[in-house]
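**Student:** need a structure here:
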Amino acid sequence: MVTADPRVFVLWRMDGEEVEESQRQALPLDVTASRDEASRWLDGGHSVDGVPMPPEIYAWVGDYVEKNYRPQPKKRIKPRSFQHPKDRV
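**Tutor:** This is a model prediction of the structure:
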């Protein structure tokens, strides 16, 4: 997907449960450019922030996608009701 506002999503957690609140730090655990992956993290209850994607990363991701992305061919799934009864599993 091409967007006018490309983002990188950072999964993070707070460190230092045994220290006082003002001493705690946010630790990045994982990074993705996938909105779907970030959405799954959020659905799982994790802390995720989106930050603007740096131009260098944007260029690298664009180049990688151009060279490697191949859309999956769509397969039409025939409804079972249109199959002959002997062909139904």
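**Student:** remind me, longest helix of this structure?
**Tutor:** In the chain, ranked by residue count with DSSP state H as the criterion, the top helix is helix 55-68.
**Student:** which residues touch that helix?
**Tutor:** Pro6, Val8, Ala33, Met53 (C-beta atoms under 8 Å, 6 or more residues apart in numbering). The C-beta positions use only the backbone N, C-alpha and C, and glycine is treated the same way.
**Student:** Contacts made by stretch 30-44 with the rest, please.
**Tutor:** Surrounding stretch 30-44, the residues in contact under the criterion C-beta under 8 Å, 6+ apart are Met1, Pro6, Arg7, Val8, Phe9, Val10, Leu11, Val48, Gly50, Met53, Ile57, Val61.
**Student:** swap the cut-off to 10 Å and go again
**Tutor:** By C-beta atoms under 10 Å, 6 or more residues apart in numbering, the list of residues contacting stretch 30-44 from outside reads 1, 3, 6-12, 29, 46-51, 53, 57-58, 60-61, 64-65.
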